[in-house]
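Chemist: Fold the following.
(one chain, ligands or ions: 1)
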Amino acid sequence: MAKNFSIEEVAKHTASNDCWVIIHGNVYDLTNFLSEHPGGKKILLKNAGIDATEKFDSFHNASVLTKMGSAFLIGKIGSDDSPSTVETDEVEDVNPLMVGQHSFGDMVPYSDPMWYQDWYSPYYNETHRAVRKAVREFVDKEVTPFCHEWDEAKQLPRELYLKAAKAGILGACVGQVDDPSLMKYPMPGGVKYEEFDSFHRLITMDELSRCASGGVTWGLIGGLGIGLGPIVHFASKELQERVIPGCLDGTKNICLAITEPSGGSDVANLSTEAKDMGDHFLVNGEKKWITNGVFADFFTVAVRTGKPGFGGISFLLIERSMPGVTTRQMNCSGVWSSGTSFVIFEDVKVPKSHVIGKVDKGFKYIMQNFNPERIGCVIQANRFARICIEESITYGNKRETFGKKLIDHPVIRNKLANMIRKVEATHAWLEALVYQSTQMDPNLQAIRLGGPIALCKAQASRTFEYCAREAAQIFGGLAYTRGGQGEKVERLYREVRAYSIPGGSEEIMLDLGVRQSIKVGQFMGAKM
Ligand code: HEM
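Modeler: I've put the predicted structure just below:
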């Protein structure tokens, strides 16, 4: 910080060739910004020489200062020995509402799970708090301020993958691998690899989703989470050594290619053909809506090696460098920076060493992959819904209509109440399911947890849809414009379908959830 100024000194700079303002205690020289300011020159001159914090906050979102502020910052109000910076022996005031010592975040009600706001929880310990802090710092600094420009550019910078890898976030989203030496970087928050559990993973994904961009979350960990899973769990050591290190150090990308133009949720009928040619398979077919396909180096591909139906499906590792692989970016309504792609395989020769697991056992692997994928969808969708609450409460406290703040209108509070009850109920269910996954025999999880996880995915995407709609109504025109104050809500609103359709559409999830649970009930002797 360059200099200290008094309020009187700032008040002298009110001309078009000398224009200063105070925002949040800092002094900005906006002289060279006047003609470029998107809100116009006049409004800056009207507020020149004074504290414009309240007005600034009412027209911008916080990332404007993070991104552009430093170019105009010349100092702060006060002196270095002003009372706020002088050390004293006085005991810090303790908030009488605190019941523990673990509050975290900005305390906007319901903008974080309850355990952040000092509630007791049986699930979390010091290591979870360490992950929470580390990932939040990373996302606040390296991700959130840039989501809008990455979305518009329809791609993420390579440095983001490298930085996220170094921060342990890529590794955390994948979880345990057979050979930890394949992971270059430690887990976030300094948590020991062997102590890292599903709640650490939940926190990592939840905190990452605070960036409020499905394009970023799908772009960074979407292909990784679902494409690397089959390699981690079923591939040979040789394939693991070939693929895992690059994907987890941020230099390579992987995607999962199952869906085809003719069928989404009907996986058992996929038709991409892998013909046995003796020492290799010859692959022909098309895949559609493949997350990260545009820039993926590796493709975990479901192909037909055998008879029709689920018994003839295998997983192959296909590499972009293999002749006959082409991809093109698809124009989707949301998740723009995630590289959603149409993929074509034309006479691709795939060595037999690239079979993942066993031939014709692919359907089983696909099914096992679904539970973690769906839990990932729940985490992201529910955090996005929570962001709709946070943004609406914050905006509702500054925007005034008909002589009072939005938050003082009962109709707005009613909207918030309905959003909150849905998000909190979904999060409680999510935690209960994650807890089961830390306790239950992994072989039983696909059967016992498949139904409830499917239902919870539908619950989360419906909650997200509801909250995005209500937040958009609260933000009005600002949620109808890309960028600016309504940036997060506008983007999330058009990303809802990326959670309610892939990974099992809501309709399939609701049906499966009941069917599966009835089956489990029958096995357990239910009298129905
Ligand atoms: C460091 C100082 C400032 C910077 C870097 C800045 C930057 C921006 C940017 C980037 C926008 C486009 C919308 C957005 O992205 O949020 C904008 C819009 C605007 N700004 Fe500023 N601004 C500054 C100070 C101010 C101040 C002090 C005022 C008023 C007192 C002001 C009033 C406005 C208005 C009215 C708009 C239009 C909002 C809308 O489109 O709804 N700005 N500003």
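
Chemist: following the helix or strand containing E373, which helix or strand comes up?
Modeler: Counting by DSSP states H and E, the element that carries E373 is helix 362-396. Following helix 362-396 in sequence order, the next helix or strand is strand 400-401 (DSSP H and E).

Chemist: contacting residues for the residue in the chain that the ligand sits nearest to?
Modeler: Proximity of the chain to the ligand (C-beta to the nearest ligand atom) peaks at G39, 2.3 Å away. For every residue, glycine as well, the C-beta is placed using N, CA and C. The contact partners of G39, taken as C-beta atoms under 8 Å, 6 or more residues apart in numbering, are F59.

Chemist: which residues touch I244?
Modeler: Contact partners of I244, counting by C-beta under 8 Å, 6+ apart, are 177, 182-183, 228, 231-232.

Chemist: May I ask which two of those residues are separated the most?
Modeler: In these, two members sit farther apart than any others by C-beta to C-beta. They are M183 and I231, at 13.3 Å.

Chemist: So for the two, which sits in the more crowded spot?
Modeler: For M183 versus I231, neighbours defined as other C-beta atoms under 10 Å are more numerous around I231 (24 against 20).

Chemist: Quick check: that one vs T31, distance?
Modeler: According to C-beta to C-beta, to the nearest Å, I231 and T31 sit 56 Å apart.

Chemist: list the buried ones in stretch 33-45?
Modeler: 34, 44-45 (16 or more other C-beta atoms under 10 Å).

Chemist: Over to stretch 446-465?
Modeler: Quick answer for stretch 446-465 (16+ other C-beta under 10 Å): 446, 448-465.

Chemist: Could you tell me which of the residues you listed belong to helices?
Modeler: Among the buried residues of stretch 446-465, DSSP state H puts 446, 448-465 in helices.

Chemist: Among the contacts of I244, which lie within helices?
Modeler: Assigned to helices by DSSP H, the following of these qualify: 228, 231-232.

Chemist: As a markdown table, those residues with pLDDT and distance to the ligand would be great.
Modeler: Output for these, formatted as a markdown table (pLDDT from 0 to 100; distance: C-beta to the nearest ligand atom, whole Å):
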| residue | pLDDT | distance to the ligand |
| --- | --- | --- |
| L228 | 96 | 36 |
| I231 | 96 | 41 |
| V232 | 94 | 41 |
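
Chemist: and of those, the nearest to Y123?
Modeler: The shortest approach to Y123 among the ones in helices among the contacts of I244 belongs to V232, at 24.5 Å (C-beta to C-beta).

Chemist: Nearest residue to that closest one in space, ignoring adjacent ones along the chain?
Modeler: V177 (5.1 Å; C-beta to C-beta, 6 or more residues apart in numbering).

Chemist: Same check on Q473?
Modeler: Nearest non-adjacent residue to Q473 (C-beta to C-beta, 6+ apart): K415, at 7.0 Å.

Chemist: ok, now W115?
Modeler: S121 (3.9 Å).

Chemist: E149 and I508, how far apart?
Modeler: For E149 relative to I508 (C-beta to C-beta), the value is 35 Å.

Chemist: who's more crowded, the two?
Modeler: Using other C-beta under 10 Å as the criterion, E149 and I508 rank with I508 on top: 17 against 12.

Chemist: how much space between that one and P502?
Modeler: Counting by C-beta to C-beta - I508 and P502 are separated by 11 Å.

Chemist: now do F370
Modeler: According to C-beta to C-beta, F370 stands 11 Å off from P502.

Chemist: again, but for V94
Modeler: As for V94, its distance to P502 is 47 Å (criterion: C-beta to C-beta).

Chemist: between those two, which one's more packed in?
Modeler: Taking other C-beta under 10 Å, V94 and P502 do not tie; P502 has more neighbours (21 against 8).

Chemist: was I right about that one contacting W289?
Modeler: Yes: counting by C-beta atoms under 8 Å, P502 does reach W289; the two are 6.9 Å apart.

Chemist: Nearest to A268 among the ones in helices among the contacts of I244?
Modeler: I231 (22.2 Å).

Chemist: how about the residue nearest to the closest one when sequence neighbours are not counted, secondary structure?
Modeler: Counting by C-beta to C-beta, 6+ apart, I231 lies nearest to V243, which is 5.2 Å off, once chain neighbours are set aside. Assigned with DSSP: H, G, I helix; E, B strand; the rest coil, V243 falls in the helix class.

Chemist: So V243 is in contact with L317, correct?
Modeler: Yes: V243 is in contact with L317 according to C-beta under 8 Å; the separation is 6.8 Å.

Chemist: Name the residues contacting each of those two.
Modeler: By C-beta under 8 Å, 6+ apart, the residues touching both V243 and L317 are 231, 235, 298.

Chemist: Would you convert those residues into CSV that also reports distance to G357?
Modeler: Below are the shared contacts of V243 and L317 laid out as CSV (distance: C-beta to C-beta, whole Å):
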residue, distance to G357
I231, 10
A235, 7
F298, 16
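
Chemist: How about the secondary structure of the residue most central in space within the chain?
Modeler: Here the mean C-alpha position of the chain is nearest to the C-alpha of S209 (C-alpha atoms, centre = their mean), at a distance of 3.0 Å. On the three-state scheme (three-state DSSP), S209 is labelled helix.

Chemist: And M107, by the same measure?
Modeler: M107 - assigned by three-state DSSP - is coil.

Chemist: Now it. Nearest residue, chain neighbours left out?
Modeler: Q117 is the one closest to M107 (C-beta to C-beta, 6+ apart), at 6.3 Å.

Chemist: go on, I356?
Modeler: Nearest to I356 is F315, by C-beta to C-beta, 6+ apart, at 3.9 Å.

Chemist: my read is that neighbour is in a strand, agree?
Modeler: Yes: assigned with three-state DSSP, F315 falls within a strand.

Chemist: quick one on the thing from earlier: doesn't R383 make contact with the residue nearest to the centre of the chain?
Modeler: Yes: if you go by C-beta under 8 Å, S209 and R383 touch, sitting 3.7 Å apart.

Chemist: Spell out which residues of the stretch 51-200 of the chain are next to the ligand.
Modeler: Contact residues (C-beta under 6 Å from any ligand atom) of the stretch 51-200 of the chain with the ligand: 52, 55-56, 59-61, 64, 68-69, 72.

Chemist: And the residues you listed, which of them are buried?
Modeler: 52, 55-56, 60-61, 64, 72.

Chemist: Taking those together, which two end up most distant?
Modeler: N61 and F72 (17.2 Å).

Chemist: before we move on, back to that, which of the buried ones among the residues of the stretch 51-200 of the chain next to the ligand scores worst on pLDDT?
Modeler: By pLDDT, N61 ranks lowest within these, coming in at 84.

Chemist: Please tell me how far the helix or strand bottoming out on mean pLDDT in the chain is from the chain's geometric centre.
Modeler: Every helix and strand of the chain was ranked by mean pLDDT, DSSP states H and E. The lowest is helix 63-68, at a mean of 88. In terms of C-alpha atoms, centre = their mean, to the nearest Å, the centre of helix 63-68 is found 21 Å from the chain centre.

Chemist: before we move on, what about stretch 434-444?
Modeler: 24 Å.

Chemist: For it, buried residues please.
Modeler: Buried, per 16+ other C-beta under 10 Å, within stretch 434-444: 434-437.

Chemist: now swap in stretch 138-153 and tell me
Modeler: Residues 138-140, 142-148, 150-151 are the ones in stretch 138-153 that count as buried (16+ other C-beta under 10 Å).

Chemist: next one: stretch 159-174
Modeler: 160-161, 163-165, 167-174.

Chemist: could I have stretch 325-339 exported to PDB, CA atoms only?
Modeler: Extracted in PDB, the C-alpha atoms of stretch 325-339 (Å, rounded to 0.1, in the frame of the first residue of the first chain):
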ATOM      1  CA  VAL A 325      -9.900 -39.500 -33.100                       C
ATOM      2  CA  THR A 326     -11.500 -36.100 -33.700                       C
ATOM      3  CA  THR A 327     -13.500 -33.800 -31.400                       C
ATOM      4  CA  ARG A 328     -15.500 -30.600 -31.800                       C
ATOM      5  CA  GLN A 329     -16.900 -28.200 -29.300                       C
ATOM      6  CA  MET A 330     -20.600 -28.300 -28.800                       C
ATOM      7  CA  ASN A 331     -22.700 -25.100 -28.300                       C
ATOM      8  CA  CYS A 332     -24.600 -25.800 -25.000                       C
ATOM      9  CA  SER A 333     -26.800 -23.500 -23.000                       C
ATOM     10  CA  GLY A 334     -24.500 -23.600 -20.000                       C
ATOM     11  CA  VAL A 335     -21.200 -24.900 -18.500                       C
ATOM     12  CA  TRP A 336     -19.300 -23.100 -21.400                       C
ATOM     13  CA  SER A 337     -15.800 -23.500 -20.100                       C
ATOM     14  CA  SER A 338     -16.000 -27.200 -19.600                       C
ATOM     15  CA  GLY A 339     -15.300 -28.200 -23.200                       C
END
